[in-house]
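Student: compute the structure for the input listed below.
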Amino acid sequence: MSALIGSLGGLGLLLNNYTASSLNLFFFWMTWTTLIMSHPPLRVELIATFFVRFVFFLLPALVFTLFDNLLPSLAGKEPYLNSKPASRKSVSVSTRRGRKKTLQVSNFNRGTLFAIFMSLGNIMLGIGIQAILEYVAVDIFRRPRLLKISSTFPYPWDMARGVAYAMFLREVFVYYPHRHIHQTPKSPFHKAHVHPRPTTSSLNLTTTMPIDYVLLQFLPVYIPSIMLSFHLLTYLAFVAVTSLVDVICYSQYEYLPKAFFLGRIARRVRGHDESGGEGGYGWIGLLDWVHGTEINWDEGGVIGVGGGGEGGEGFTQAVRRGVRTRKASRKARHVDD
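Tutor: Now for the predicted structure:
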């Protein structure tokens, strides 16, 4: 009897959860429909994009920046700080074992404030370019909207599949321009592309020259979304995922798990910086493996650049070596005959 009552109670809880989820989805649909009916589509798109960028990138990056600057010794950023020792204070913190640990507290400097405003300016620049492209496509050329806005929601599996495709396209649009910039010193983008020292945490990603931000940060996210004809909600999900991954991986914290996906991206980012841009140009690392520009590591740090093939060669190098070997063997058999 008690088992039956417990089963009925669990079923009632499940139905309550299902009802609550349905009501939340209904209220979200009502809010979304009211929003797109009462405001111009372009305004909805731009405000929603800025909101997602702010919540999933800028706000966490600011928190990391506060943590890095106020407690650099705890964050592991002490060797990189440019502030003078006189501007730091020592604070004693009690640990669980009753001991006290001395932490160095640093004040904000002008470089940090400049990084914050530079990051915000680049984000606004990307949103401005997005507004111009939408205006040109819809109002001038009378084309459909680049990002779909409607009261119908895309299916969750369609959103997940679209985000997965867009991540692969983002890898392509990041890797080849990034590698060209580093391997072509005469390129006009070479001087604009810099790797700031890790004093401003994840703001390093957007604290760059505007042309560098547009080429390597904004367009690799926006162009795949247009190519795949994303719904605005799918685009916002894609922006949220990439922003959250970037803000974590570009924090350059040492204690990210190396076996996890985020830890691998973070290590690739750090290896790219430590190798002076000799490898690690991609985000996921697939094209780095294909072209032999993957960063090789050991316990001491970066030991070189190479792909996943034999002898550190990349996929394309391995295929070419195999073709040359087969041609040489066929030529040798022809001579013997």
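Student: every contact and neighbour count from this point should use C-alpha atoms.
Tutor: Will do.
Student: helix or strand with the lowest mean pLDDT in the chain?
Tutor: Of all helical and strand segments in the chain, the minimum by mean pLDDT, DSSP states H and E falls on strand 88-94, at a mean of 53.
Student: what mean pLDDT does whichever helix or strand residue 118 is part of get?
Tutor: With elements taken from DSSP states H and E, the one containing residue 118 is helix 110-135. For helix 110-135, mean pLDDT rounds to 88.
Student: would you mark the buried spots in the next helix or strand along the chain from it?
Tutor: Tracing the chain C-terminally past helix 110-135 and defining elements by DSSP H and E, one meets helix 156-183 next. Of the residues in helix 156-183, those buried under the neighbour-count criterion (16 or more other CA atoms under 10 Å) are 159, 162-163, 166-167, 169-175, 177-179, 181-182.
Student: just the CA trace of the helix or strand following helix 156-183, in PDB.
Tutor: Taking DSSP H and E as the definition, the helix or strand that follows helix 156-183 towards the C-terminus is helix 210-213. Listed in PDB are the C-alpha atoms of helix 210-213, where the atom choice follows Å, rounded to 0.1, in the frame of the first residue of the first chain:
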ATOM      1  CA  PRO A 210      38.500  46.600 -33.900                       C
ATOM      2  CA  ILE A 211      39.400  45.000 -37.200                       C
ATOM      3  CA  ASP A 212      40.900  42.100 -35.300                       C
ATOM      4  CA  TYR A 213      37.700  41.600 -33.300                       C
END
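Student: quick one, what contacts the residue nearest to residue 238 when sequence neighbours are not counted?
Tutor: Closest residue in space to residue 238, ignoring its immediate chain neighbours: residue 163 at 5.6 Å, by CA to CA, 6 or more residues apart in numbering. By CA atoms under 8 Å, 6 or more residues apart in numbering, residue 163 lies in contact with 234, 237-238.
Student: out of these, who's nearest residue 145?
Tutor: The shortest separation between residue 145 and any of the contacts of residue 163 is 14.4 Å, and it belongs to residue 234 (by CA to CA).
Student: okay, now the closest one: neighbour count?
Tutor: 24 (other CA atoms under 10 Å).
Student: roughly how far apart are it and residue 275?
Tutor: For residue 234, the distance to residue 275 equals 36 Å [CA to CA, to the nearest Å].
Student: check which helices and strands the helix holding residue 118 is in contact with.
Tutor: Using 3 or more CA pairs under 8 Å, 6 or more residues apart in numbering; DSSP states H and E as the contact test, the elements touching helix 110-135 are helix 41-53, helix 210-213.
Student: again, only this time at 6 Å
Tutor: When contacts are defined as 3 or more CA pairs under 6 Å, 6 or more residues apart in numbering; DSSP states H and E, helix 110-135 sits against none of the other helices and strands.
Student: quick one: mean pLDDT over the helix or strand harbouring residue 326.
Tutor: Assigning secondary structure by DSSP H and E places residue 326 in helix 315-336. For helix 315-336, the mean per-residue pLDDT is 69.
Student: and the residue lying closest to residue 169 once chain neighbours are set aside, how many neighbours?
Tutor: By the measure of CA to CA, 6+ apart, the closest residue to residue 169 outside its immediate chain neighbours is residue 224, 6.0 Å from it. Taking other CA under 10 Å as the criterion, the count of residues near residue 224 is 22.
Student: got a pLDDT number for residue 224?
Tutor: At residue 224 the predicted local distance difference test score is 96.
Student: for residue 40, same thing?
Tutor: At residue 40, the pLDDT value in this model is 90.
Student: that one and residue 222: what is the separation?
Tutor: Residue 40 is 20 Å from residue 222, where distance means CA to CA.
Student: which one of the two has more residues nearby?
Tutor: The neighbour comparison of residue 40 against residue 222 (other CA under 10 Å) goes to residue 222, with 20 against 10.
Student: tell me how far the more buried one lies from residue 174.
Tutor: In this structure, residue 222 and residue 174 are 12 Å apart, going by CA to CA.
Student: how about the helices of the stretch 201-337 of the chain, start to end?
Tutor: Assignment of helices within the stretch 201-337 of the chain using DSSP state H, counting those that start in this stretch yields the ranges 210-213, 219-227, 232-249, 261-274, 286-291, 315-336.
Student: dump these into JSON lines; add distance to residue 70 as well.
Tutor: Converted to JSON lines, the helices of the stretch 201-337 of the chain look like this (distance: least, CA to CA, whole Å):
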{"stretch": "helix 210-213", "distance to residue 70": "27"}
{"stretch": "helix 219-227", "distance to residue 70": "32"}
{"stretch": "helix 232-249", "distance to residue 70": "19"}
{"stretch": "helix 261-274", "distance to residue 70": "22"}
{"stretch": "helix 286-291", "distance to residue 70": "36"}
{"stretch": "helix 315-336", "distance to residue 70": "45"}
